[in-house]
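Participant: coords below, sequence missing:
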Ligand SMILES: [Zn+2]
């Protein structure tokens with residue numbers, strides 16, 4: 001399975017900043033050490049033409065040149081630097097590449113991305129460019145797909161994604177998130193499922209399967225982009241849900257299994273994860289890559305039944 005990384009484009013942060021930058025390098029090291037059959041590839045940069053498929057020209061220019069006003073920069077949550085721009089472009093490019101690879105191989109992944117709080121004209125919540133919206137539109141522009149689905153299982157609502165793609169009948173947005181969690185003013189996705197604080201494995205998995213079935217009853221995507229946030233985990237500082245590590249494996253299997261039954265290729269992005277222990281967050285992300293890789297091997301074996 002092809003897996004794209006950009007963690008070596010380091011975004012300089014002040015001492016004590018609460019964004020867990022370290023997790024990306026830890027995740028790549030864990031994938032390299034512990035998973036067989038995964039090919040790690042450096043992410044390419046998303047160019048302006050790609051970014052402009054989902055973002056306003058003025059916003060792209062202001063981010064690129066460091067000309068956002070202070071309030072807009074604060075909303076992103078990172079100080080501006082050229083490295084911030086480069087990393088954001090690489091992270092979006094990685095999801096584009098993962099989509100291309102998925103269309104060829106069934107499943108591929110970006111070890112970053114899932115920056116779903118970025119709107120057409122502003123960033124937010126550690127998100128600069130909206131990789132999933134960009135990648136879906138690049139695949140359409142290049143004639144690779146007509147219809148794409150974005151399955152957002154980060155615990156926070158995909159507000160930027162919903163906003164960018166509202167009124168676009170060719171991209172379906174599904175968000176399963178904590179109803180009481182950030183962002184407190186939510187946008188309307190094509191399908192939103194708000195979960196109560198403290199939601200555990202069985203309730204979550206029931207809601208997820210119902211949502212996947214409802215989406216596929218209404219929409220037939222040629223490609224899915226899966227935001228596999230680690231923040232529904234019970235050890236997350238910001239998540240407010242109570243999913244266990246085995247519960248999150250069942251979550252990943254529900255997504256990969258449902259898509260496999262419908263022969264829909266899927267690109268996976270990592271999205272959020274803010275564990276009290278960073279090792280727990282990395283374990284959730286690593287498990288997603290391991291499950292993706294297991295399902296991808298099945299995909300390549302056309303005679304296999306879709307169960308790893
Ligand atoms: Zn999140």
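Facilitator: Yep, it's here. Because the structure is predicted, anything quoted here is derived from the model rather than measured. Residues are numbered from 1 along each chain as shown.
Participant: didn't residue 58 look like it was pressed against residue 72?
Facilitator: No. The criterion here is Cβ atoms under 8 Å, and residue 58 misses it with residue 72 at 11.0 Å. Just so you know, the C-beta spots here come from the backbone N, C-alpha and C atoms, and that holds for glycine as well.
Participant: Looking at these two, which has the bigger crowd around it?
Facilitator: Using other Cβ atoms under 10 Å as the criterion, residue 58 and residue 72 rank with residue 72 on top: 17 against 10.
Participant: which residues sit against the helix or strand that contains the more buried one?
Facilitator: Residue 72 is located in helix 70-76, with elements delineated by DSSP states H and E. For helix 70-76, the surrounding residues in contact (Cβ atoms under 8 Å, 6 or more residues apart in numbering) are 62, 68, 79, 80, 122, 123, 124, 125, 126, 127, 128.
Participant: let's see 10 Å
Facilitator: Applying Cβ atoms under 10 Å, 6 or more residues apart in numbering, the external contacts of helix 70-76 come out as 59, 62-63, 66-68, 79-80, 84, 88, 115, 117-119, 121-128.
Participant: buried residues in it?
Facilitator: 72, 73, 76 (16 or more other Cβ atoms under 10 Å).
Participant: Over to stretch 206-224?
Facilitator: Residues of stretch 206-224 classed as buried: 208, 209, 211, 212, 215, 216, 219, 221, 222, 223, 224 (neighbour count, 16+ other Cβ under 10 Å).
Participant: I'd like the distance from it to the chain centre, please.
Facilitator: For stretch 206-224, the distance from its own C-alpha centre to the chain's C-alpha centre is 17 Å (Cα atoms, centre = their mean, to the nearest Å).
Participant: ok so, going back, from the buried residues of helix 70-76, list the ones also adjacent to the ion.
Facilitator: Among the buried residues of helix 70-76, no residue sits close to the ion (Cβ under 5 Å from the ion).
Participant: Could you save the buried residues of stretch 206-224 as JSON lines and add columns showing distance to the ion and secondary structure?
Facilitator: Formatted as JSON lines, these follow (distance: Cβ to the ion, whole Å; DSSP: H, G, I helix; E, B strand; the rest coil):
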{"residue": "208", "distance to the ion": "16", "secondary structure": "helix"}
{"residue": "209", "distance to the ion": "21", "secondary structure": "helix"}
{"residue": "211", "distance to the ion": "17", "secondary structure": "helix"}
{"residue": "212", "distance to the ion": "20", "secondary structure": "helix"}
{"residue": "215", "distance to the ion": "20", "secondary structure": "helix"}
{"residue": "216", "distance to the ion": "24", "secondary structure": "helix"}
{"residue": "219", "distance to the ion": "24", "secondary structure": "coil"}
{"residue": "221", "distance to the ion": "23", "secondary structure": "coil"}
{"residue": "222", "distance to the ion": "27", "secondary structure": "coil"}
{"residue": "223", "distance to the ion": "23", "secondary structure": "strand"}
{"residue": "224", "distance to the ion": "19", "secondary structure": "strand"}
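Participant: coming back round to it: what's the overlap in contacts for residue 58 and residue 72?
Facilitator: With contacts taken as Cβ under 10 Å, 6+ apart, the residues that reach both residue 58 and residue 72 are residue 121.
Participant: And the helices in this structure?
Facilitator: Counting by DSSP state H, the chain has helices at residues 22-34, 48-51, 57-65, 70-76, 82-105, 131-141, 159-165, 201-218, 245-261, 278-300.
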